Structure formats: structure tokens, C-alpha cells
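Enquirer: Based on what follows, work out the 3D shape:
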Amino acid sequence: MDFFRAHQAVGTTIPTYFIESTAPYNVDDTVVPPPALPPELSPIDSELAVKQIAAGLLNGADPNLVVMVHGFNNPEPAVLRMYTSAAMAIQRDEKIRSRQGLVCVGYRWPSEKMGSPWRGTWDALPTLPTWLLYFGIIVVFLTFPLFYFASQTKQWWIEVFRYIWNPEAVHVITLLGWSVAGLVLMATLLRTIVYFRDNYRASNYGVPDLIQVIRAIDAEVVRQHDESGTTAARPRVQLSFIGHSMGGFVVTNAIRTLSDVFAAPVEALNSYGLGASPGERPESPSHAIGKVFELKRFVLASPDIPAETLLSSRGNFLASALSRFDEAYLFSNEGDEVLRQISTLANYFVFPTKSRNHGFRLGNVEILSRNFGMIDVKEDNLLRVLRIGNLTLQELYDSLEDAKAERQPNASPALAQARLPKVFTYFDCTDYVDRDDPDKPAISANERPLLTFAKWRKRHDAEAKLRWYSHLYLLVVYVVRHQRPNVHGGYFEGLLSQELIYRLACLGYDGTVTAYGSEVALGTACEQKQIRMLVSPDLWKRRTGPVAPPPPTDEKLRTATRAAAPGSGEAATTGAAVPNLVGMSIVAARAAVAAVGNIPGRRGMEPQFMLLEITREAPNQATGTVVSQTPPPGGRVKEPASIEVIVAK
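Expert: Here you go, the predicted model:
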């Protein structure tokens, strides 16, 4: 029995394969027609594909296996097009193409298209809802016509009906019939959006089958190495992942399963997550997976993962996976209506919360900045410039900690302030514009908004949001206009976003910076296409250039509440004066902003200002000088607020 089938990219310098699980959409499917392959792919025996992948890794000087995993609502033809496009994008990129020892694999789990389960909906409907549907239909047909005609005729049997049956009761029974039938029809509608079905298949087919693929490649590398007769040690193979949407869920759960949960000692029952002090916590988990793999990079694009997993002080599947990677990247946009509307609706039934402020997905993260390009921010302020839904990560974190404090009043406070968000490097693609066809001339006329309509609402106000009608319009357009703009998958259509995703996964951060020439050039490329980039504090130590970012602060308790304590005598400030930073060195500007927040009587409060730094070329300015700032100096703004400065490179 074949559990997998495989295809190979034709004419690519980098060995590229497409391995798919043969698990059916339905457990009782009898016929699964073979896919219609694009000309860039050719079929290959799955066992032979594994052998060739292992050989490609063994023959490379610096072996690196990059695995790409798609998301939900992606039937086989769409996945084939997506992975073929990825193979061609990698082939076009000379910086990746010259990478020695790189092998790329696209993995498909059985996701289906929205609406496709409609044909089997009636046959699959369980007995109880079938009875309820019949009951509702019968009640509607018996009561509604009688109620309507009762007011239109004087026939004797209608008069009897009026006498023995209270008309108000007819109203209630008719509405009951409609409600019962409507509930069953709503359940069938939720089935046809395939979210729950894809979630089941991702958990029960996607994760275990991906694990088997990784284990098979690991075993084949070991076998070929041992049979070669060489006395050299087995090579260490870098293993990186690209996860889109629900594919991020598949990868994180696969990594958690592949990891040895008994590798780290357990000090006590509650020595779990952030429940232990730093001195008592077990060592960081190993990056090693299997016998030859080492986890290196994890690129998430619009991940369908709850934002609360970034902030929970308990252990969770995302923290378990991220702790094993060297680098992590998150591509997101505020207008991803698939996550913001469809995913939150589906998870309304399962996500445990009492407020609509919770349950938003990581794919909706936005960076609160008026500008585009590479942005620096002090580590303490990182959570305040990232927003998901209605709240910043800092507000979300505070609300979770406040709830925990009320739930467990005698518990000690968290000893770390949400380290997990600081692992990611963020790319906010809300206003991203670019070409989607490499054959078109590189002119602005050929560029279009790819994920939203790129209205740049943060031009004058960093905290501005898309309006409710903009979200509704994006959802409607996504459904009826063939995903233009593609609010959920536009990252794999634009030239720069594809280049960033594949370079980061294949080359890493340092290799990507080298490919662009410098960090300034990388930031400029993002700025030109209206992408906001916020570098992980964990990568600050690797950064180059004369403008060094603020050093990471030591681990400490969460910030105090923003409200003044009753009776403390602290008066609320109506507005803070914006300091003049233009002409200062960036070091002096940081000190000036820090001094503004150091006001007597405000101990424990949030800082008045957050400094966001954007480095750009300025030939007539000394390196490290603040060229301009927003908002301008002298004005008064509601605190806390951000000051964005342009720093000369």
C-alpha cells in the first residue's frame, strides 16, 4: 500500500521534490483520480525520491533540507501550483541557487476546497440532526400556511382552527420550526467551509505523515552514509520549515512529536513553562532531531495559531517548537480576513474565552509604525508596538496576567515577561505592493496591492486600524473576485515576499542580509514595497553597521499596571510634550527619550514614549544622526506614544 506519492521538479538547479500524503478527503472515498501535473513536475517513485533527497544532502558541503507545508482550503491542484511557483522562484534567485547542499521539499496533506463537501452533506448527516431537520420542516409546513390563511378566509374549518388553537401559539411553534431547521442548516454550512474537516485531517493525517517523511529521510541519510564506508562522522543536516496558515500548526505539532519530551529533567510538578525560576529551569532543548537533523529556521506565513500562545506562561505547542529553532520569522497582515473572520468564527466553538478580544490569530499581527522598512525598537517596548486584533501584545499580556492574578491571588508573579514574542522577526505586509509576474517590466504600473488594498492608514497615526467596512469589503472581494487581493496567500504571489521567505528559510538571516548587500539594503527593499520589518531582539547581536540597536534588557517582572493606584496622588497626564531629537546622535536620542519617561511620581508606570528607529541612507548627514522624526517636536500627544526617527546610515 502506498501512503505517499512524489513528484520531482524538472530543470531546477536545486533538487526540489513534492511529496504528498495519499490520505483521502473522506475515509470512505473509493476513487482518487491522479493529479494533472504541470509541465514543471514529473512523477517519481516515493521511495526513490527519499533516496535522492538523502543523496543530495550527503553530497553537499553544507546540507540543508527546507520543507514547505501549505494551509487549509488548499486542494491538490492549488498546492501543485503553489509548490511549482516556489520551485521556479528559487530557481530564479541566484543567491539561493548557488547554495551548496540545499534540497527543497514541498509536503502536501489532504486539504480540500471550500464547498467541496456539499455533495456528501446529506448522506453524512447523523440521525439526530436529520430527525431535527425533518421536525422543523414539518412544523413550518403545517403551521405557517395555516397561520397565514387564517387571516384571509372565513371557511368553517378555519373558524374551528381559530377556536381550538391560540394564534399566538402558532407564532411560537412556527418560529421553533424555523429555528430547529436553521440550526441544522448552519451545521451543514460549517461543514462546507471545510475548516473543521481540514483541522481533523491536519491533526490525524498531516502531522503523522510529515513525521514519517522526516524519519524516512533521516534513516536514509544514515543508511547511505554507513554503506559508503567512510570513516567521517555523520553530517549534521540543517532542517528548516516554511508553514502557511494551518501548515504552521502541522509543523509545530510534528516538531513537538519528534522531540524527546524526556530529554530535559523535571524539577517538580509545577516546574513547567515559566513556572520555575531561571536558575531552576532545565537547559534549552536541543536543536537535534533524529540522528542527523538540526532544526535551524522556521518561517510562518499567516499562521492559524492563537495569539495567546505567544504570551502564555504555561508550556504550549508553539513554545515547544520555537525553542528548538535558531531563527523564527512571521509574515502577517492586518487584513487577513480568512483568519480574522472565518478562523475566529470556526474557533468560536472551541477556543476558551469570554471576550472577543481573545482568539485572534498570529497571522493578523501588525506593527504600529507610520513608516515602512526596517524598524528598531527597544526590547522593553517590543510588545507595545505589535497589535493583534483590538489589543497590543502588551495589553493582551497584561489582561492575561491580571486574570491569572485574580484567579490565583496567592500565586507568585511571572518571572519572565513574555519572551516568546521576542523570538520572531516580524514582517507586516498589510500595505504590501509588488509585481506578481517576473516577466513583467519592473515599473510601478505593473505593481498592485497583494494582501489588502494598501490604503496606508497608518500614514499619520501609527495606531490607526482598518475600518469595519474595510474588513467586510476585503472578505467579500476575496470570495467573489478570485482572491484579488489574496488576503491570506498573497505572500506567495509577490516577488519580494517570495524572495524574503525563501531566502530566510534557505540562507538564514545572515545569508539573506549578505544576499541584499547590507541590512540597510534589506530595509530599503522592504520600504520600497511597503513592508514593515521588526527584527527579533535575539538577532540584534548578529546585526552589523554603526547604528547598534539597544542591548537586550535582563529578564524581569511584567510591567506594572498603567492606571495610578487609588489614593496614590498620581495625577493622570493629559498629554506629553514631544522632545526634539533631530540632529542628535541616536545614542543621545535614546537617552533623551528615556529621560522624559523618568519623572518623579511615575515609578512603575509605562514609559511616555517608545522610540522606533528606521535606518536609511543620508549622504549629507553623519552616520548615526537623527535626520527627522514623527511626530514633530514641541507638540503634545496622548501617552504612551511612539516617536519614529530616521537615522542616517
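Enquirer: Need the nearest residue in space to residue 494, chain neighbours excluded.
Expert: Spatial nearest neighbour of residue 494, excluding adjacent residues (CB to CB, 6 or more residues apart in numbering): residue 434 at 3.7 Å. In this view, the C-beta of every residue, glycine as well, is placed from N, C-alpha and C.
Enquirer: The one you found bridge partners, please.
Expert: Note on residue 434: beta-bridge partners by DSSP bridges are residue 448.
Enquirer: where does the protein have its least confident helix or strand?
Expert: Across the helices and strands of the chain, mean pLDDT, DSSP states H and E gives its lowest value to helix 156-164, namely a mean of 54.
Enquirer: just for the stretch 301-450 of the chain, where's the confidence low?
Expert: Within the stretch 301-450 of the chain, the stretches with pLDDT under 70 are 312-316, 411-418.
Enquirer: what ranges do the strands span in it?
Expert: Here the stretch 301-450 of the chain has its strands, by DSSP state E, counting those that start in this stretch, at 327-332, 365-367, 373-377, 386-388, 391-392, 424-428, 433-434, 448-449.
Enquirer: For residue 240, give me its contacts.
Expert: Residue 240 is in contact with 64-67, 295-299, 505-506, counting by CB atoms under 8 Å, 6 or more residues apart in numbering.
Enquirer: A strand includes it, no?
Expert: Yes: assessed with DSSP: H, G, I helix; E, B strand; the rest coil, residue 240 lies in a strand.
Enquirer: thought residue 294 was touching residue 218?
Expert: No: counting by CB atoms under 8 Å, residue 294 stays clear of residue 218, with 11.3 Å between them.
Enquirer: of the two, who's got more company?
Expert: Per other CB atoms under 10 Å, whichever of residue 294 and residue 218 has more neighbours is residue 218, with 21 against 18.
Enquirer: The more buried one and residue 23: what is the separation?
Expert: 22 Å (CB to CB, to the nearest Å).
Enquirer: go on, residue 473?
Expert: Using CB to CB, residue 473 is found at 37 Å from residue 23.
Enquirer: How about residue 610: which residues does it bridge to?
Expert: Applying DSSP bridges, one finds that residue 610 bridges with residue 642.
Enquirer: Determine the number of other residues adjacent to it.
Expert: Other residues near residue 610 number 23, with proximity taken as other CB under 10 Å.
Enquirer: got a pLDDT number for it?
Expert: Listed pLDDT for residue 610 reads 81.
Enquirer: Equivalent analysis for residue 64, please.
Expert: Per-residue pLDDT puts residue 64 at 96.
Enquirer: My read is that residue 207 contacts residue 254, right?
Expert: Yes: counting by CB under 8 Å, residue 207 touches residue 254, with 5.1 Å between them.
Enquirer: the more surrounded of those two?
Expert: Taking other CB under 10 Å, residue 207 and residue 254 do not tie; residue 254 has more neighbours (26 against 21).
Enquirer: need the contact list for the more buried one.
Expert: 207, 210-211, 214.
Enquirer: Just put the strands of the stretch 301-450 of the chain in CSV and tack on mean neighbour count.
Expert: Formatted as CSV, the strands of the stretch 301-450 of the chain follow (neighbours: other CB atoms under 10 Å):
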stretch, mean neighbour count
strand 327-332, 25
strand 365-367, 26
strand 373-377, 24
strand 386-388, 26
strand 391-392, 18
strand 424-428, 24
strand 433-434, 23
strand 448-449, 18
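Enquirer: wait, which of the ones you listed is closest to residue 288?
Expert: With respect to residue 288, and counting by CB to CB, the nearest of these is strand 327-332 at 16.4 Å.
Enquirer: ok, residues contacting stretch 34-53?
Expert: With CB under 8 Å, 6+ apart, stretch 34-53 has contacts from 2, 4-11, 15, 17-19, 65, 76-77, 80-81, 84, 87-88, 103, 105, 213, 216-217, 220, 224.
Enquirer: mind listing the helices for the stretch 151-300 of the chain?
Expert: Using DSSP state H, counting those that start in this stretch, the helices of the stretch 151-300 of the chain run over residues 156-164, 167-192, 195-201, 207-227, 246-258.
Enquirer: how about the longest one: buried residues?
Expert: Of the residues in helix 167-192, those buried by neighbour count under the rule 16 or more other CB atoms under 10 Å are 170, 173-174, 177, 180-181, 184, 188, 191.
Enquirer: Quick one: mean pLDDT over that helix.
Expert: Taken as a whole, helix 167-192 has an average pLDDT of 80.
Enquirer: gap between it and the chain center?
Expert: Remark: helix 167-192 is offset 37 Å from the chain centroid, using CA atoms, centre = their mean, to the nearest Å.
Enquirer: Show me what that helix is packed against.
Expert: In terms of contacts (3 or more CB pairs under 8 Å, 6 or more residues apart in numbering; DSSP states H and E), helix 167-192 is packed against helix 121-124, helix 127-150.
Enquirer: With distance to residue 488, mean neighbour count and mean pLDDT added, can I get those helices in a markdown table?
Expert: Putting those into a markdown table (distance: least, CB to CB, whole Å; neighbours: other CB atoms under 10 Å; pLDDT from 0 to 100) gives the following:
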| stretch | distance to residue 488 | mean neighbour count | mean pLDDT |
| --- | --- | --- | --- |
| helix 121-124 | 24 | 11 | 84 |
| helix 127-150 | 30 | 14 | 76 |
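Enquirer: can you put those in TSV and add distance to residue 526?
Expert: Shown next, in TSV, are these (distance: least, CB to CB, whole Å):
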stretch	distance to residue 526
helix 121-124	45
helix 127-150	50
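Enquirer: just so I know, which of these lies nearest residue 487?
Expert: helix 121-124 (26.9 Å).
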